[in-house]
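K.L.:
requesting a structural model of the entry that follows:
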Amino acid sequence: TLSATGANKMCISNTTSCSYWETYATQKEWTLTDGDGEKTVYVRYKDEAGNISSRKNDKIILDTTKPTGSIKINDDKEYTTSKTVTLTLSATGANKMCISNTTSCSDWETYATQKEWTLTDGDGEKTVYVRYKDEAGNISSRKNDKIILDATKPTVIASAVNNNTDTPKIKFTSNETGEYCINTSSSRTNMKNCVFSGDATADTAKTTSSVTETNTYYVHVKDAAGNIGISKGVNLTRRLVFGEYLINKKTTGWKTSPTNGLYRYAGTNANNYVKLDSILYRVVGVVSENDNDLGLEKYQVKLIKAADIGKQKIHKISYGNVSWDESELSKYLQSSSVLGNTNIIPSSWKSKIDSVKWYTGNVTTYIGTKTISQEKTKITSTSSKIALMYLSDVNLAYINSVDTDCNGYSCNSWLWPSSGNVWTMTSYGVGEDADDGLFSMYYMRSNSYGQNTYFGRSSSELLIYPTFYLLKTVYYTSGSGTSTDPFIIE
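P.N.:
Okay, here's the model as predicted:
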């Protein structure tokens, strides 16, 4: 745009020098020099008399570069559970921006680095678009970012498995894949330290680990977007197996630390009576940990009959290398005379007695810890249900030190019979120190000489107290363990 008074010519240039005079006009199209940046255009005017004006100029910034930029939705997260998201916007050289949920856009606004934005309705992948514009009017290419809108919580269906046992569990399915946790809260905001760690696969049933307490439990499933679905409450009752009940209850005579693989009763007054139907037994102890050598599980209970079943020989001869498995007494205990005798083993309990292996190592000492280590030097080659008490059971039923020498009159306990001589299944020595070979067995003696342990010939007839391990899955029902109120189990 040009303006002059009295001029009929003008000379326009991109430099301070000018030589091309042309007819004066108030407007003219002009080409600036190449390259973005500040540009100056010069003009001089001339009248008909040839008078030339001073040089005039004007400046302008040439900007032909489009803005560049980017967009991120919720810091580039893959999922959102809300339609309202936060856009992070970044551009160079822009002063305006145009944001849209479609590829077209007409609502230009002042450029900002953040903006709250509302996605379109419905779950699924969403795309947000942006274009930037600078002061020169240059418009950037269209930029976009994507995010998955998932505002739907998983549906979780749960039920009880193994309820009313010692290993109650929850079986559940979810219509979505995600992580799960189980706790006693039905709230999404107060989840009682629920740690999402397990994996749940959509429409695939999953059974959880067993719970440790009776309670109402809820399964929480969190999908990839963070939505949490919660099942209805599942009432689980954890019923203590008999062995675990005894460990927790600690009735009179209970020793709180295990010895030789068992938590035990010791002393002369032990509330450890158990009634199997109408027959009275007593608890020797509870298995403290799994024993792969003998085939025992933690919480199995070792019982001994409260009264003897009469006298028997270990074997018909006193000499010879005969194993416990081959002995006449071992076979007798597994026969219909004992295991099949309902006056000794009630018929409903025969299947609840475990078939295990037994220690038969040769013992040459009455001292507890040495007795234990020597007994463990040999194990029966086959499993059986019924056997006898060990010499170590006798020693460990004494209330005082495990290393007390019980070959005397000081080891009286609940396990000692009131009278008579009782077999153990612990053998006395083999070799030079043995009078009777393998089957010179220890027995408990109660007579006019007092109470002590001794060893006798296997062909002697002594009292028998059947001893066995119950299966782990036997449950406490009632009773305090006294002789008049024995434990009732099932």
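
K.L.:
CA atoms for contacts and neighbours, from now on please.
P.N.:
Will do.

K.L.:
got the contact list for the closest residue to Gly295 other than its chain neighbours?
P.N.:
Spatial nearest neighbour of Gly295, excluding adjacent residues (CA to CA, 6 or more residues apart in numbering): Val356 at 5.6 Å. The contact partners of Val356, by CA atoms under 8 Å, 6 or more residues apart in numbering, come to 294-296, 382-385, 469.

K.L.:
check Ala306 too.
P.N.:
273, 280-282, 465.

K.L.:
at 7 Å what do you get?
P.N.:
280-282 (CA atoms under 7 Å, 6 or more residues apart in numbering).

K.L.:
ok, those residues vs Val221, which is closest?
P.N.:
Nearest to Val221 among the contacts of Ala306, counting by CA to CA, is Arg282 at 47.8 Å.

K.L.:
and the residue nearest to the closest one when sequence neighbours are not counted, how many neighbours does it have?
P.N.:
What sits nearest to Arg282 in space, not counting adjacent residues and going by CA to CA, 6+ apart, is Tyr273, at 4.5 Å. Residues near Tyr273, counting by other CA atoms under 10 Å, number 25.

K.L.:
pretty sure Tyr273 is in contact with Ile279, am I right?
P.N.:
No. Here Tyr273 does not reach Ile279: they are 10.3 Å apart, not a contact under CA atoms under 7 Å.

K.L.:
so Asp393, which of the three states?
P.N.:
Per DSSP: H, G, I helix; E, B strand; the rest coil, the secondary structure class of Asp393 is helix.

K.L.:
distance of it relative to Arg264?
P.N.:
Distance, Asp393 to Arg264, by CA to CA, to the nearest Å: 9 Å.

K.L.:
which one of those two has more residues nearby?
P.N.:
Remark: of Asp393 and Arg264, Arg264 carries more neighbours, 29 against 23, as counted by other CA under 10 Å.

K.L.:
find the nearest non-adjacent residue to that one, please.
P.N.:
Per CA to CA, 6+ apart, closest to Arg264 is Gly285, 4.2 Å.

K.L.:
the helix or strand bottoming out on mean pLDDT in the chain: what's the following helix or strand?
P.N.:
Least confident helix or strand, the chain: strand 450-457 with a mean of 55, by mean pLDDT, DSSP states H and E. Once the chain leaves strand 450-457, the next helix or strand it forms, by DSSP states H and E, is strand 462-463.

K.L.:
next, the buried residues of the very next helix or strand once past that next one.
P.N.:
Counting by DSSP H and E, the element after strand 462-463 in chain order, helix or strand, is strand 467-469. Across strand 467-469, burial judged by 16 or more other CA atoms under 10 Å covers 467-469.

K.L.:
what's the following helix or strand after strand 467-469?
P.N.:
strand 476-478.

K.L.:
the helix or strand following that next one packs against which elements?
P.N.:
Following strand 476-478 in sequence order, the next helix or strand is strand 487-489 (DSSP H and E). When contacts are defined as 3 or more CA pairs under 7 Å, 6 or more residues apart in numbering; DSSP states H and E, strand 487-489 packs onto strand 273-276, strand 476-478.

K.L.:
output those strands as a markdown table; include the columns mean pLDDT and distance to Ser336.
P.N.:
Converted to a markdown table, the helices and strands packed on strand 487-489 look like this (pLDDT from 0 to 100; distance: least, CA to CA, whole Å):
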| stretch | mean pLDDT | distance to Ser336 |
| --- | --- | --- |
| strand 273-276 | 98 | 18 |
| strand 476-478 | 93 | 28 |
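
K.L.:
deepest of the ones you listed, which one?
P.N.:
Of those, the one with the most neighbours on average (mean count of other CA atoms under 10 Å) is strand 273-276, at a mean of 22.

K.L.:
follow-up on the earlier one: out of the helices and strands packed on strand 487-489, flag the one nearest Lys115.
P.N.:
Proximity to Lys115, assessed across the helices and strands packed on strand 487-489 by CA to CA, is greatest for strand 476-478 (65.2 Å).

K.L.:
that closest one - contacts with which helices or strands?
P.N.:
Using 3+ CA pairs under 7 Å, 6+ apart, strand 476-478 is in contact with strand 487-489.

K.L.:
next, the buried residues of the strand it packs on.
P.N.:
Buried positions in strand 487-489, judged by neighbour count with 16+ other CA under 10 Å: 487-489.

K.L.:
tell me the mean pLDDT for it?
P.N.:
Throughout strand 487-489, pLDDT has a mean value of 97.

K.L.:
tell me how far Ala160 lies from Thr473.
P.N.:
The value you get for Ala160 to Thr473, if CA to CA is used, is 18 Å.

K.L.:
try Asn162
P.N.:
Asn162 is 12 Å from Thr473, where distance means CA to CA.

K.L.:
and Glu490, what does it touch?
P.N.:
By CA under 7 Å, 6+ apart, the contact list for Glu490 reads 474-477.

K.L.:
mind putting those into TSV with distance to Lys66?
P.N.:
Converted to TSV, the contacts of Glu490 look like this (distance: CA to CA, whole Å):
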residue	distance to Lys66
Val474	81
Tyr475	81
Tyr476	82
Thr477	84
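
K.L.:
any idea how far apart the tips of stretch 293-313 sit?
P.N.:
Stretch 293-313 end-to-end distance (CA to CA) = 28 Å.

K.L.:
ignore what I typed, I meant stretch 131-138.
P.N.:
Stretch 131-138 end-to-end distance (CA to CA) = 10 Å.

K.L.:
so what's the gap between it and the chain middle?
P.N.:
Distance, stretch centre to chain centre, for stretch 131-138: 57 Å (CA atoms, centre = their mean, to the nearest Å).

K.L.:
what does it contact?
P.N.:
63-67, 93-99, 139-143.

K.L.:
so how do I select the buried members of those residues in ChimeraX?
P.N.:
Buried residues within those, by 16+ other CA under 10 Å, are selected in ChimeraX with:
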select :66,67,93,94,95,96,97,98,99,139,140,142,143
